[in-house]
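Engineer: Any chance you could fold what I've pasted below:
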Amino acid sequence: MKQARKKVYSLLSLITIVSLSLIPGIGLRTDNEFSETHYFFGYPAEWFGYSGEWLFGFQVFNLLFNFFLFYFIFFLLDKLRKVLRKVLLQFKNGL
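Structural biologist: Model (predicted):
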């Protein structure tokens, strides 16, 4: 695989992780525990938490899981695009 493709997959994965984390109801979850609001960010795995008064939580393995999951999804979508393009070109040339 070309190095440029890997960079594109990585960049798309990071953009997807951050953008999905900021959407309320999908990647942003609030929890009112002990009369204090806690915010948890991340989809599908929560990788960042904020509890107020400058208290942050960061889960590295959840962030890595999200990164590799979206990297793999973009890799599969690119392979599917290549296969479909090849099949459609063969179908077009066969008619």
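Engineer: Could you use CA atoms for every contact and neighbour count after this?
Structural biologist: Noted.
Engineer: list the contacts for Gly27?
Structural biologist: Listed by Cα atoms under 8 Å, 6 or more residues apart in numbering, the contact set of Gly27 reads Leu20, Ser21, Phe40, Phe41, Gly42, Tyr43, Pro44, Glu46.
Engineer: For Phe40, which three-state class applies?
Structural biologist: On the three-state scheme (DSSP: H, G, I helix; E, B strand; the rest coil), Phe40 is labelled strand.
Engineer: Excluding sequence neighbours, find me the nearest residue to it.
Structural biologist: Gly49 (4.4 Å; Cα to Cα, 6 or more residues apart in numbering).
Engineer: helix/strand/coil for the one you found?
Structural biologist: With three-state DSSP as the criterion, Gly49 reads strand.
Engineer: shouldn't it be in contact with Val60?
Structural biologist: No: judged on Cα atoms under 8 Å, Gly49 makes no contact with Val60 at a distance of 11.7 Å.
Engineer: In terms of neighbours, single out the busier of the two.
Structural biologist: Gly49 (19 against 12; other Cα atoms under 10 Å).
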